[in-house]
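fold the following and give me the result.
(2 chains)
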Amino acid sequence: MKLLTNLSTGLILAIFSSQLFAQIEVTAVAEIEVSETNELGEKTVKRTAATSVVPGTEVIYTITARNTGTEVADNIVVTNPVPEQTVYVDGSAFGPDAVITFSADGGKTYDNARKLMVTGADGKPRPATAEDYSHVRWTFQFNLDPGQQADVWYRARVK
Amino acid sequence: MKKTIISITTCPGRIALALLLALLLHKPVLAVGTSAGIDISNTASVDYAIAGSSSTTNSNTVTFRVDEKLDVNVSWQDAANVVVGSPDTNQVLTYLLTNTGNGNDSYTLNVQNSLGGDQFDPVLADIYLDANGNGIFNPGVDTLYNAGVNDPALGADASQAVFVRNNIPNGRIAGDLGNSQLIATSNTGNGPPGTPFANAGDNNTTAVVGTSGGTGNAIGTYEVSNTTVSLLKSVVITNPQGGNQPVTGATMTYSIVVTVSGPGNASNVVITDPLPANTTYTTGTLTLNAAPLTDAVDADAGDVSGTTPNTVSVNLGNLNQGSPAQTITFETIIN
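As a prediction, the model looks like this:
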């Protein structure tokens, strides 16, 4: 009887800790590109953290998923809402070996860019354009081993 | 197409005439910009499974702030060259100043009249700011511009009509053109696009010069014409007692005769005549060349209080010295 109690306590602790300590850590970074001319007169483009920008600037969001646990993570899906004061830059989402889909309904449904439809001003369905995207989603076609990480990214233009 | 509006101010015993060019307020250039000082935040999430057990993790939230972009646009609003005499005084060019940036700004106005591509240089008299938002210069209503004192302040996307009044030199001949340029410069900052001004923007943001360079300008043009539009206004008073004393209840029958002299064409001549104070227009009494015109704004040439409140407006179209005299009549009753 005592053994059983100890066992069930251990089980509860195990469940609790798996929820408390995520196996996947995710970080987001917002950067802008700044053109610089070096002493040789060559133009270089440098990325710097976006702290403040003017409307019309393209911001690059990079999202890194890292397996900090000891077990393999699978069925990995990264989702990012496109901030409402920005517009997704057409064709800018990348993620090595990830299937990229978009939502134009606030994240309720996702589809690939060619198939996504929205309701037009006339009440009839029309193909969604980059301006309509509310979310970007990357569905990884691979697992993350312990210690492994993967980056995905896209660009959004500030309205 | 030249458009000429003749305004008549009716005063007891006196008729003041003013020749104004029509305005066509073009749609302003609109900035598409998130307001300066707004924070834009973003949080990503990851769904995943470990050994068949699903979890979701959110990322940190990345936030950046929207800076103020300094952009301004000036456009000339008159539909065609403003027709003037030589000499002439206080001739009005109308411009629209628009803040195409994303924050509050104010502007210093300057006029440059030494420009190429014309036959004479107008001489600046003064600059007025549209005070009642009607886009038409109203003497006594609109505000005299005084640089550094009442520089027009505009929020993002807001517009302000600006009237530049120039004098026209003597000795010019019909067809001579004179250009006048209105220049508006941001008081927050200007310079090459991208130039930053720390803490100068709304909410202490950095103000950054936009593609306009923080300055805008537009050129308006005067054209000398010796075509003269003359108006002769008269009134006949009939009172209920059968006399001609202007007593309460008396009918005032106004007549305006329009003639054109000199070479050239007066295009789209529009006669506007405010109804005299303390009288009431008698419905259905507007006529043009003895033919009745409806009071409503419609297909016929005239209306009463439709185009402008309490004003008779009649569009006479294009006239020249060969055109027959145009006679407009209407009646009012003294209150």
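
which pLDDT value goes with the closest residue to A:Val54 other than its chain neighbours?
Leaving aside its sequence neighbours, A:Val54 sits nearest to B:Lys69 (Cβ to Cβ, 6 or more residues apart in numbering or on different chains; 4.2 Å). In this view, the C-beta of every residue, glycine as well, is placed from N, C-alpha and C. Here the pLDDT value assigned to B:Lys69 is 95.

try the one 3 residues further on
Turning to B:Val72, the model gives it a pLDDT of 97.

just the one 10 residues further on next, same as before
Model confidence at B:Val82, given as pLDDT, is 92.

thought the residue nearest to A:Val54 was touching B:Gly210?
Yes - under the criterion of Cβ atoms under 8 Å, B:Lys69 makes contact with B:Gly210 at 4.4 Å.

which of the two has more neighbours?
The neighbour comparison of B:Lys69 against B:Gly210 (other Cβ atoms under 10 Å in any protein chain shown) goes to B:Lys69, with 31 against 25.

what residues does the helix or strand hosting that one touch?
If you go by DSSP states H and E, B:Lys69 is part of strand B:68-70. Identification of contacts with strand B:68-70 by Cβ atoms under 8 Å, 6 or more residues apart in numbering or on different chains yields A:54-56, B:31, B:33, B:36-37, B:101-103, B:105, B:186, B:188-190, B:197, B:200-202, B:205-210, B:212, B:214.

how far off centre is it?
In this view, strand B:68-70 has its centroid 26 Å away from the chain centroid, taken as Cα atoms, centre = their mean, to the nearest Å.

count the neighbours of A:Thr109 for me.
13.

make sure it is indeed in a helix.
No - A:Thr109 is assigned coil when assessed by DSSP: H, G, I helix; E, B strand; the rest coil, not a helix.

that one and A:Ser103 touch, don't they?
Yes - look at A:Thr109 against A:Ser103 with Cβ under 8 Å: they come within range, at 6.2 Å.

tell me the secondary structure for A:Glu131?
Quick answer, by three-state DSSP: A:Glu131 is helix.

distance-wise, check the residue lying closest to it once chain neighbours are set aside relative to A:Ile32.
In space, and not counting its chain neighbours, A:Glu131 is closest to A:Val87: 5.2 Å by Cβ to Cβ, 6+ apart. A:Val87 is 15 Å from A:Ile32, where distance means Cβ to Cβ, to the nearest Å.

do the same with A:Met117
32 Å.

the two: who's more crowded?
A:Ile32 (19 against 15).

what residues are up against that one?
A:47-48, A:50, A:53, A:57-60 are the contacts of A:Ile32 under Cβ under 8 Å, 6+ apart.

that one: what secondary structure?
Once three-state DSSP is applied, A:Ile32 turns out strand.

and for the closest residue to it other than its chain neighbours, the neighbour number?
Leaving aside its chain neighbours, A:Ile32 sits nearest to A:Ala50 (4.7 Å; criterion: Cβ to Cβ, 6+ apart). A:Ala50: 22 surrounding residues under other Cβ under 10 Å.

then B:Gly249?
Count around B:Gly249 with other Cβ under 10 Å applied: 10.

ignoring the adjacent residues along the chain, who's closest to residue 111?
No chain was given, so I picked chain A. Closest residue to A:Asp111 apart from its sequence neighbours, by Cβ to Cβ, 6+ apart: A:Thr101 at 5.8 Å.

my question was about chain B
Nearest in space to B:Val111, with sequence neighbours left out and distances taken as Cβ to Cβ, 6+ apart, is B:Leu124 at 4.8 Å.

isn't the one you found up against B:Phe163?
No - if you go by Cβ under 8 Å, B:Leu124 and B:Phe163 don't touch, sitting 11.9 Å apart.

tell me which of those two has more neighbours.
The neighbour comparison of B:Leu124 against B:Phe163 (other Cβ under 10 Å) goes to B:Phe163, with 25 against 15.

gap between the host helix or strand of the more buried one and the chain center?
Assigned by DSSP H and E, B:Phe163 falls within strand B:159-168. Averaged C-alpha coordinates place strand B:159-168 at 9 Å from its chain's average position (Cα atoms, centre = their mean).

that strand: what's the following helix or strand?
Following strand B:159-168 in sequence, per DSSP H and E, is strand B:177-186.

okay, the angle between that next one and strand B:159-168?
Regarding strand B:177-186 and strand B:159-168, their directions subtend 140 degrees when assessed with axes from the mean of the first three to the mean of the last three Cα atoms, to 10 degrees.

so what does strand B:177-186 touch, helix or strand wise?
Counting contacts by 3 or more Cβ pairs under 8 Å, 6 or more residues apart in numbering or on different chains; DSSP states H and E, strand B:177-186 packs against strand B:72-76, strand B:88-99, strand B:105-112, strand B:159-168, strand B:215-224.

what about it, average pLDDT?
pLDDT averaged over strand B:177-186 gives 98.

who does the following helix or strand past it pair up with?
Counting by DSSP H and E, the next helix or strand C-terminal to strand B:177-186 is strand B:196-197. In the sheet, strand B:196-197 lines up against strand B:207-209 (antiparallel) (DSSP bridges).

and the strand it pairs with, how far out from the chain middle?
29 Å.

can you list contacts of stretch B:303-317?
Contacts of stretch B:303-317 (Cβ under 8 Å, 6+ apart): B:258, B:268-275, B:281, B:286, B:288, B:293-297, B:301-302, B:326, B:328, B:330.
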